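Participant: okay, here's the prediction I keep looking at, along with the sequence it came from:
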2 protein chains.
Amino acid sequence: MANKHVVVLGAGFAGLHAVRELSREPGVRVTLVDRNNYHLFQPLLYQVATAGLEAPQIAFPIRAFLRKHKNARFLLGSAEGVDPRARVLWVEGRPITYDYLIVGTGARTNDFGLPGVARYGYGLKNLDDAMKIRDRILSACEEAVRTPDPARRKALLTFVVVGGGPTGVELAGALGELRRHVASRDYPDLDLSEFRVVLIEAGPRLLEAFAPSSAQYAQRFLEKLGVELMLGEQVVEVTPNAVRLRSGLNLPCFTVVWSAGVTGQVLPGLTPARGNRIATTPELYVPDYPSIYVVGDLNYLEYRDGRPHPQVAPAAMQQGALAARNILRELHGQEKRPFKYKEKGSMATLGRSHAIAEIGNLKMRGFPAWGAWLAVHLYYLIGFRNRMMVLSNWAYSYFTYDYAVRIMHNRHSFAEQGEPVGDSVRL
Amino acid sequence: MANKHVVVLGAGFAGLHAVRELSREPGVRVTLVDRNNYHLFQPLLYQVATAGLEAPQIAFPIRAFLRKHKNARFLLGSAEGVDPRARVLWVEGRPITYDYLIVGTGARTNDFGLPGVARYGYGLKNLDDAMKIRDRILSACEEAVRTPDPARRKALLTFVVVGGGPTGVELAGALGELRRHVASRDYPDLDLSEFRVVLIEAGPRLLEAFAPSSAQYAQRFLEKLGVELMLGEQVVEVTPNAVRLRSGLNLPCFTVVWSAGVTGQVLPGLTPARGNRIATTPELYVPDYPSIYVVGDLNYLEYRDGRPHPQVAPAAMQQGALAARNILRELHGQEKRPFKYKEKGSMATLGRSHAIAEIGNLKMRGFPAWGAWLAVHLYYLIGFRNRMMVLSNWAYSYFTYDYAVRIMHNRHSFAEQGEPVGDSVRL
């Protein structure tokens, strides 16, 4: 037991819950590795992208988290791969030997190989993504103000979200609120009818993980807010200034947020299964390498109807904790336990005072669901300060109808037709 | 009067106060031009650089400010020059014709042509500067944790501030607090004696604009906090991994903040006087071009003993307002008034509960001065939300001894001896 070394890769929900469990056993040494120095609360990323929250408010310094966990240390770095036989994790050219490895590297945006998506689209998986989207929205509005050509101006003011899952819906709703409550007051010179928010979904309805009645409520709310829904429409290409759809439609726009899917962030040395996720036993270790556990969005363990567990925060937290407990059980000579997912339900916010929530058989919508959404997100946000700051921001926005973080750090340029755009340019 | 067009260049303290005055005359059209979409509260930049505040909390969206000023519009862009005879301001290739122009482009870091300063040093004049310094401090600490070579580790943990004016003193004090209260808890593996904060000043004492007794108090406080003062030392070169001093001393370090001086950000088309500032009449217009006013840090109007007005916020606010009023007076056929500077005193914070303040003949220090400093800075911060957020942050830091915004957006790399460093590298 003494001096067994557990390396936890990734400081997401899964990784932090693993560290928390492992700290119960002071005899175990823990090293937490992440390429960032903070834990990111991904569920609120869309609010950073839409000027509702400041980036550091949804990020928590890993070293502040580790102050309470005396047997753990932090190593900043990108993992390059694992050698399962030698039990070595490679981090930026340095070998880290482990007795157990818990891999929770999560998922990243999946462009499905569609042309132009990676180059001209914007993912929404990390802080940099969110701040780039915010910069781009603000840059596009400023560029529109001084663009006399109406076609170009309309394209600048067309904000397209691809993917009708919770992320796409929440982002489109926040953009709709931004249009209604902020753009109208900030840009008296702009014609608000030129400011469009378009949500494109390939399936026949939004939010396929929710009940049809919840999804219908969401659709009606978004439409009333002025969000244009394009259902049953598939994107075939993203160009510098348009989105091309399978139906033949060409939608001129300069800002495309891609939230149509994710794929596992595989660690070289492990063999990916479907969706680039790593298959594990019910006890969450890799069948060939019992010293390697895979948890969170990267884990591929079938749940129901041959489908794996959903890639959501509660599953990640529960898997991180179980992997840690199974390691401790093995060290104590006890039998490992299989993963039993406790569903916490699903929720999505749509806009001011409106959300949907499904908890077991209970379906909520409107203000009660919104209240539940706020409470749950504040509860899972790590750190008293971040909770206080986020709550202050929400209260401020609620009472003033304002989304105040309209600060452009890097101005984007918008090239003429045909030229590539998409990279931020420092002026 | 009707449709006279006043262009205000620069949304600093001077520019905003000019716009505020001009909005009293609805017949005048105002265009506010800035290269950023926000007003920046520069006096608190050092707290963003040292993880005390989040960047958007000291930035206020210009369009939010202009909502109240119906005769003003905003144009985002960098000014390239002015043609005073044609009364045209050039902004990114577009001509903006004006009847009056108020120039408040402020000042930027002055490297005095010393080798290496521009390339390897960090200024502290804008949000980007502040966020880069924060990223660099955090990156250097993480790099130090995994650096076995003691000499290199010490250089990584040596943070040098050049310039003993208020900015340098406030930054060095904040770094000292960060070392004492944060580094000690975040980096249990590091030897705190290797973490050095060095403040270099060419003159015989700090804070030459303050009374000797105030400066002495500041020096004693900083020394007790563990800040190393090097007085009477002049920097002759900054290299990738050291600062070379005239005395022959070579101080190995990877992070040098340069706050030793500023120089005017001249607008091409205007002829600079001393310090790259623009000389004006007492009424604040350029002698050869009565339609151009110059205000704030860029203005060079002699005040006392042949020295111009200090480059501080109160002077900028007063000049911006007077320039606007003088334009309105001319339009009303009234006589213009000369600038009479109302001194508001000087203050600098040193650390927790400690500051110095001189208001007229009153000299304050310690907790009362700190309270006054907090009140004055909150008062001048624009926007209810920013005040609320900054106050919350200060209260949080005060009670927890924590500087919570330890979020690294872009990790810096530290090259080996001899290689150039200084640019941030995205990993």
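Facilitator: All right, it came through fine. Numbering: from 1, shown residues only, chains lettered A, B, ... in the order given.
Participant: the residue in the stretch 151-300 of chain A that chain B sits nearest to: how many residues sit nearby?
Facilitator: Nearest to chain B in the stretch 151-300 of chain A, going by CB to the nearest CB, is residue A:186, at a distance of 4.0 Å. Where C-beta positions appear, they are placed from N, C-alpha and C, glycine not excepted. Counted by other CB atoms under 10 Å in any protein chain shown, the residues lying close to residue A:186 total 23.
Participant: thought it was touching residue B:64?
Facilitator: Yes - assessed by CB atoms under 8 Å, residue A:186 is found in contact with residue B:64 at 7.0 Å.
Participant: before we move on, back to that, so what's the residue of the stretch 151-300 of chain A closest to chain B closest to, chain neighbours aside?
Facilitator: Leaving aside its sequence neighbours, residue A:186 sits nearest to residue B:63 (CB to CB, 6 or more residues apart in numbering or on different chains; 4.0 Å).
Participant: just residue A:325 next, same as before
Facilitator: Per CB to CB, 6+ apart, closest to residue A:325 is residue A:21, 5.6 Å.
Participant: what residues does the strand or helix carrying the one you found touch?
Facilitator: Element membership for residue A:21 (DSSP states H and E) is helix A:13-22. Outside helix A:13-22, the residues that touch it by CB atoms under 8 Å, 6 or more residues apart in numbering or on different chains are A:6, A:8-9, A:28, A:30, A:32, A:34, A:39, A:65-66, A:69, A:71-72, A:102, A:104, A:106, A:295-297, A:313, A:316-321, A:323-325, A:327-328, A:382.
Participant: report the separation between the two terminal residues of stretch A:41-57.
Facilitator: 9 Å (CA to CA, to the nearest Å).
Participant: please see if that stretch touches chain B.
Facilitator: Yes - for stretch A:41-57, a contact with chain B is found by CB under 8 Å from any CB of the partner chain, at A:54, A:55, A:56, A:57.
Participant: and residue A:361, how far from residue A:147?
Facilitator: 51 Å (CB to CB, to the nearest Å).
Participant: of those two, who's got more company?
Facilitator: Taking other CB under 10 Å, residue A:361 and residue A:147 do not tie; residue A:147 has more neighbours (17 against 7).
Participant: residues in contact with the more buried one?
Facilitator: Contacts of residue A:147 (CB under 8 Å, 6+ apart): A:153, A:156.
Participant: rewinding a little: can you count the residues close to the residue nearest to residue A:325?
Facilitator: Neighbours of residue A:21 using other CB under 10 Å come to 19.
Participant: my read: the residue nearest to residue A:186 touches residue A:187, true?
Facilitator: Yes - between residue B:63 and residue A:187 there is a contact at 7.3 Å, judged by CB under 8 Å.
Participant: can you give me the helices in the stretch 251-400 of chain A?
Facilitator: Counting by DSSP state H, counting those that start in this stretch, one finds helices in the stretch 251-400 of chain A at the ranges A:313-331, A:366-380, A:384-400.
Participant: pick the most buried one from these.
Facilitator: Counting by mean count of other CB atoms under 10 Å in any protein chain shown, helix A:313-331 has the highest mean neighbour count of the helices of the stretch 251-400 of chain A, with a mean of 23.
Participant: quick check: the farthest pair among the residues of stretch A:41-57 next to chain B?
Facilitator: Greatest spatial distance among the residues of stretch A:41-57 next to chain B (CB to CB): A:55 and A:57, at 7.1 Å.
Participant: okay, and the common contacts of those two?
Facilitator: Contacts common to residue A:55 and residue A:57, judged by CB under 8 Å, 6+ apart, are residue B:54.
Participant: of the two, who's got more company?
Facilitator: Using other CB under 10 Å as the criterion, residue A:55 and residue A:57 rank with residue A:57 on top: 30 against 24.
Participant: which residues does the nearest residue to that one once chain neighbours are set aside contact?
Facilitator: Sequence neighbours aside, residue A:389 is the residue nearest to residue A:57 in space, at 4.6 Å (criterion: CB to CB, 6+ apart). Contacts for residue A:389 (CB under 8 Å, 6+ apart) come out as A:54, A:57, B:389, B:392, B:393.
Participant: over to residue A:316?
Facilitator: A:12, A:13, A:14, A:17, A:104, A:295, A:296, A:297.
Participant: tell me the spacing between the fourth one and residue B:404.
Facilitator: Shown here: residue A:17 relative to residue B:404, a distance of 22 Å by CB to CB.
Participant: before we move on, what about the second one?
Facilitator: As judged by CB to CB, residue A:13 and residue B:404 stand 20 Å apart.
Participant: over to residue A:96?
Facilitator: Taking CB to CB, one finds residue A:96 at 29 Å from residue B:404.
Participant: quick one: which of those two has more around it?
Facilitator: With neighbours defined as other CB under 10 Å, residue A:96 and residue B:404 compare such that residue B:404 has more, 24 against 19.
Participant: just list the residues touching that one, thanks.
Facilitator: So residue B:404 contacts A:56, A:61, A:64, A:383, A:385, B:51, B:393, B:396, B:397 (CB under 8 Å, 6+ apart).
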